[in-house]
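Participant: okay, predicted coordinates and the sequence, questions at the end:
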Amino acid sequence: MAAARPARGRPLLELSIGYGLILATIWTPRPFQRWLYLAAVLWILVTTVLSFPGWAAMGFRRRGFGSSMWVVLAALVVSIGAVVVAIHLDTLRHPVSTRTWVMTFGGYTVWSFVQQFLLQGYFLFRLLRLLPRREWAARAAAGMFALAHLPNPILTPITLIWGVCACFVFLRCRNLYPLAAAHAILGITVAVTIPGPVVHNMRVGLGYLRYHAPRMHTPETGIVGK
């Protein structure tokens with residue numbers, strides 16, 4: 001038993017500090033937020049390198065790609081349904097320009113990949129070493145992911161549901177790429193179907209509380225309402 005404790009001590013330390021820095025970044029105002037953001041990035045990069053389990057273990061592999069592509073198809077079905085409803089409710093938002101659309105949601109696609117890595121490659125990877133059952137680790141990782149989206153009342157439950165689904169799919173297929181693509185599709189769908197003042201332009205933490213609805217357009221997304 002004594003030999004098992006040191007093995008769990010390192011992932012617990014890495015997870016606690018990494019997650020703590022992420023939460024601190026979300027809830028801290030500028031300019032201190034920038035320093036905490038840098039500290040979080042450096043901590044996650046360094047601890048990932050030091051605990052590097054191999055690219056395949058973190059989901060960067062070809063195997064499992066085809067068997068998990070159904071997640072992307074499911075996200076597309078959900079997206080189409082949400083767009084149809086938004087058109088019916090007259091809440092669908094349109095881009096100011098093609099360039100703004102591509103730059104905004106191209107960047108979000110990259111951010112979706114980063115978030116998916118954090119969820120599976122960092123949180124879930126360490127929780128699997130800390131908890132006795134894979135199901136517990138998956139639910140715990142999803143819970144941490146959702147808590148990082150507080151106090152947004154729309155994103156928090158969405159990310160909890162997505163986090164649970166994504167973690168269980170990852171445990172079966174161990175491929176990050178389809179999950180990141182589905183994440184991007186669902187996130188962009190939320191952005192274009194739910195009015196910015198309602199979802200606070202998908203902000204979380206202190207940014208959500210300090211959000212002020214723009215009069216004409218949202219500078220963050222370059223999208224105007226109808």
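Facilitator: Structure's in. What do you need? Worth saying up front: this structure is predicted, and the values here are computed from it rather than measured. Numbering: from 1, shown residues only.

Participant: going forward, measure contacts and count neighbours with C-alpha atoms only.
Facilitator: OK.

Participant: quick one: distance of stretch 127-137 to the chain centre.
Facilitator: 20 Å (CA atoms, centre = their mean, to the nearest Å).

Participant: contacts for that stretch?
Facilitator: 8, 11-12, 124, 138, 140-141, 168 (CA atoms under 8 Å, 6 or more residues apart in numbering).

Participant: what about it, average pLDDT?
Facilitator: For stretch 127-137, mean pLDDT rounds to 95.

Participant: pLDDT (mean, whole number) over stretch 179-188?
Facilitator: For stretch 179-188, the mean confidence score works out to 96.

Participant: do the same with stretch 86-95
Facilitator: In this model, stretch 86-95 carries a mean pLDDT of 88.

Participant: okay, buried residues for it please.
Facilitator: By neighbour count on 16 or more other CA atoms under 10 Å, the buried set for stretch 86-95 is 86, 91-93, 95.

Participant: how near is residue 113 to residue 107?
Facilitator: Shown here: residue 113 relative to residue 107, a distance of 10 Å by CA to CA, to the nearest Å.

Participant: can you classify the residue positioned nearest the centre of the chain as helix, strand or coil?
Facilitator: Residue closest to the average C-alpha location in the chain (CA atoms, centre = their mean): residue 115, at 3.8 Å. Following DSSP: H, G, I helix; E, B strand; the rest coil, we place residue 115 in the helix state.

Participant: tell me the contacts of it?
Facilitator: Here residue 115 is in contact with no residue (CA under 8 Å, 6+ apart).

Participant: and residue 90, backbone torsions?
Facilitator: Dihedral angles of residue 90 (phi, psi; degrees, to the nearest 10) stand at phi 60, psi 40.

Participant: from residue 186, how far off is it?
Facilitator: 19 Å.

Participant: repeat that for residue 12.
Facilitator: 31 Å.

Participant: can you check which helix is longest in the protein?
Facilitator: Identified as the longest helix of the chain according to DSSP state H is helix 4-27.

Participant: what comes up buried for it?
Facilitator: 10-12, 14-15, 18-19, 21-27.

Participant: sorry, back to before: looking at residue 113 and residue 107, which one has more neighbours?
Facilitator: residue 113 (20 against 12; other CA atoms under 10 Å).

Participant: so what's the spatially closest residue to that one that is not a sequence neighbour up against?
Facilitator: Counting by CA to CA, 6 or more residues apart in numbering, residue 113 lies nearest to residue 180, which is 4.8 Å off, once chain neighbours are set aside. Taking CA under 8 Å, 6+ apart as the criterion, residue 180 is in contact with 109, 112-113, 116.

Participant: okay, now residue 66: neighbour count?
Facilitator: Neighbour tally, residue 66, other CA under 10 Å: 11.

Participant: quick one, grab the pLDDT at it.
Facilitator: On pLDDT, residue 66 comes in at 91.

Participant: tell me the secondary structure at residue 63.
Facilitator: Reduced to three states by three-state DSSP, residue 63 is coil.

Participant: contact partners for it?
Facilitator: So residue 63 contacts 173-175 (CA under 8 Å, 6+ apart).

Participant: by neighbour count, which of these wins?
Facilitator: Of all those, residue 175 has the most neighbours under the rule other CA under 10 Å, reaching 26 neighbours.

Participant: how is it assigned, secondary-structure-wise?
Facilitator: Under three-state DSSP, residue 175 comes out as coil.

Participant: torsion angles phi and psi at the residue lying closest to it once chain neighbours are set aside?
Facilitator: Among residues not flanking residue 175 along the chain, residue 59 sits closest, at 4.2 Å (CA to CA, 6+ apart). Dihedral angles of residue 59 (phi, psi; degrees, to the nearest 10) stand at phi 100, psi 0.
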